[in-house]
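# structure for the following, please:
(2 chains)
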2 protein chains.
Amino acid sequence: MTAATARAFPNIALVKYWGKRDEELILPVAGSLSLTLDILPTTTTVSLAPEAEADRFELNGREATGESLRRVAAFLDLVRSLAGSQTPAFVRSRNEAPTGAGLASSASGFAALATAAAAAYGLDLDARGLSRLARRGSGSASRSIVPGVAVWHAGDGDETSFAEAVAAPEMHMVIVTVDAGEKPVSSRVAMRRTALTSPFAEAWPRTTEESLAEMISACEAGDFTRIGRITETHALRMHALIQSADPPIRYLTPRSVAVFDAVAELRERGVEAYATADAGPNVVVLVQSADAEAVAARMEEFGRVQIAKPGPGVELLEGDASPEGDPS
Amino acid sequence: MTAATARAFPNIALVKYWGKRDEELILPVAGSLSLTLDILPTTTTVSLAPEAEADRFELNGREATGESLRRVAAFLDLVRSLAGSQTPAFVRSRNEAPTGAGLASSASGFAALATAAAAAYGLDLDARGLSRLARRGSGSASRSIVPGVAVWHAGDGDETSFAEAVAAPEMHMVIVTVDAGEKPVSSRVAMRRTALTSPFAEAWPRTTEESLAEMISACEAGDFTRIGRITETHALRMHALIQSADPPIRYLTPRSVAVFDAVAELRERGVEAYATADAGPNVVVLVQSADAEAVAARMEEFGRVQIAKPGPGVELLEGDASPEGDPS
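Have a look, this model is predicted:
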């Protein structure tokens, strides 16, 4: 096989991934849990290019250079080392989510890249193997391999740090994009600064594992209210942790805070809605499907609003197809 | 002496008081440091009322009942136990700051009450003794006894937990009242919830003592920039701690966050301004006097703006005068 295409969706964590205990292997300081969505996918084709001198990466129709290309090429190096290959590749990716704005574009991106590259280079990986491989590109990508609700185990090492499905009750997400621009400090930089300077960093892994255990129990019990409460409390703790760095990092803007306030008001009126936010200004509201439309309508004043359902996890689309055109 | 009047000013902490290690004696989990202001004073007259059956408390011309009266009467009980008296008192207080909105009205209130009551009941207390006494009414009141910059030592116990002056460079404060209403959760309730439920509570005392040591060193060195950086980082850590409680408590509103953003923008333009906020939505901007007017003008879009200078600490105004009228 010389080309493969895969599609993966972003995921939004209910128990967050924040901090690595091993930067090379991307092993997290604690486990996490997320919902893989059914919108804003990344579709990526990896075509082996034996005649080329180096890897190339095209994102949304534009040739990438610099750090984006470097990360993709480093990931392809890992795949090649596993496959015993030295062949360069051409990677073409289309990402429907705004890049770098905290909407998990690196999760869908590396889940799709891992799956397409594994197929193109002939690696025979099961879902667990794909999750471990995607993790090496971007930690949260390990979860986008899995459909619906996924737990990413912190694990003892490379082999045991992967994501797998968890049974959970029906839920939807209302994504409120209050700001689609690039965030001021990348997650990678912010994770490092937090670990080095926050007085609260030491307590973070333990409290995250505790929230994760409670969350898995709430998911298995089908208890949406408990899931929601843990989600919002935990998200505010992650932002608290990040804010406690020196210099401080504040990802939540006035508009983000207004969304949290609006969600709290909805609860006071009896609507079961709970807010979370990744490392960026955008807010995701966790609801049951019956409330999704009404909550989405309430959120429209704050930005672009989209409703997402649990999605299918990564899919290999055309393992045998050649990519359009030939760049080499 | 049967009546005495004292005036005290609020203080704004640069290193915050958040959490008690002894609720009865009001001993804090860590030391703190503040600037006593020259605006928004509380003026309080304590008149012994031998014929009365119980204490009375009038705040801003209105007879107080319930929790406010109970706290004042409990404080008078403490003063009477020290003075060997059983005489009830009539307390009249005028407070120019909005009560309960995080502008330290309990600090000025109990500093004035302690000083007036000590004089009325004939206690002979020096500044340290007054600071210890005021502490028993409200922890931060210990600092409003002291003019200008005051450090409140955590101490080993009742006798060593008092505030005293610290040498510091010239600075002003721009107070931005974004919301003058009562805050949703009182400091006392929030302190307890934080201590009981936040995963970060354990780290708080140590990091506060570290910030305090750095702050005292920066004050003694006259280094306004270091003072400002420690102030803002520490304030955001306190709000992070509070936000990490379960259920979470968010005191900063969208407008508060907008003020923090505006202050950060001022710094990018070379203006030395640093934000802090007590347990409420209002924001205080620390500046040097030369920048006070310009920074105040920039803040006007966010709420009522006032400029404060270092104030005089508590003053006994009319130790011999009788109060107007006779309530007994």
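# so how far is chain B from residue A:134?
As for residue A:134, its distance to chain B is 29 Å (criterion: CB to the nearest CB, to the nearest Å). Glycine gets a C-beta too; all of them are placed from N, C-alpha and C.
# which neighbouring elements make contact with the longest helix along chain A?
Ranked by residue count under DSSP state H, the longest helix found in chain A is helix A:224-243. Judged by 3 or more CB pairs under 8 Å, 6 or more residues apart in numbering or on different chains; DSSP states H and E, helix A:224-243 is in contact with strand A:11-15, helix A:187-197, helix A:204-221, strand A:274-276, strand A:283-287, helix B:224-243.
# could you redo the last one with a cut-off of 6 Å?
Secondary-structure packing of helix A:224-243 (3 or more CB pairs under 6 Å, 6 or more residues apart in numbering or on different chains; DSSP states H and E): helix A:187-197, helix A:204-221, strand A:274-276, helix B:224-243.
# mind checking which of the ones you listed is nearest residue B:26?
With CB to CB, the closest approach to residue B:26 among the helices and strands packed on helix A:224-243 belongs to helix B:224-243: 17.9 Å.
# just to revisit the earlier point, what are the contacting residues of the longest helix of chain A?
Outside helix A:224-243, the residues within contact range by CB atoms under 6 Å, 6 or more residues apart in numbering or on different chains are A:14-16, A:18, A:169, A:190, A:194, A:198, A:200, A:204, A:211, A:214-215, A:218, A:249-250, A:252, A:274-277, A:286, A:288, B:236, B:240, B:243-244, B:246, B:248.
# run the chain-centre distance for that helix.
Here helix A:224-243 is found 17 Å from its chain centre; the criterion is CA atoms, centre = their mean, to the nearest Å.
# can you tell me which residue of the stretch 1-150 of chain A sits closest to chain B?
Nearest residue of the stretch 1-150 of chain A to chain B (CB to the nearest CB) works out as residue A:30 at 11.7 Å.
# would you list every one of the helices in chain A?
Using DSSP H, helices in chain A cover A:66-83, A:105-120, A:127-137, A:141-144, A:187-197, A:204-221, A:224-243, A:254-268, A:289-299.
# what angle sits between the fifth one and helix A:224-243?
Helix A:187-197 runs at 70 degrees relative to helix A:224-243, counting by axes from the mean of the first three to the mean of the last three CA atoms, to 10 degrees.
# if any of the contacts of helix A:224-243 are buried, give me the PyMOL selection for them.
Restricted to buried positions by 16 or more other CB atoms under 10 Å in any protein chain shown, the PyMOL selection for the contacts of helix A:224-243 reads:
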select buried, (chain A and resi 14+15+16+18+190+194+198+200+204+211+214+215+218+249+250+252+274+275+276+277+286+288) or (chain B and resi 236+240+243+244+246+248)
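# quick revisit: got the buried residues for the longest helix of chain A?
For helix A:224-243, a neighbour-count test (16+ other CB under 10 Å) marks A:224, A:227-243 as buried.
# quick one: it to helix A:204-221, angle?
Calculated by the same axes, to 10 degrees, helix A:224-243 forms an angle of 160 degrees with helix A:204-221.
# ok so, going back, which of the helices and strands packed on helix A:224-243 sits closest to residue B:77?
Among these, helix B:224-243 comes nearest to residue B:77, with 30.9 Å by CB to CB.
# return the residues of chain A in contact with chain B.
Residues of chain A lying close to chain B (CB under 6 Å from any CB of the partner chain) are A:199-200, A:203, A:207, A:233, A:236-237, A:240, A:243-244, A:246, A:248, A:254, A:257-258.
# now with 7 Å, please.
By CB under 7 Å from any CB of the partner chain, the residues of chain A that approach chain B are A:199-200, A:202-203, A:207, A:233, A:236-237, A:240-241, A:243-244, A:246-248, A:250, A:252-255, A:257-258, A:260.
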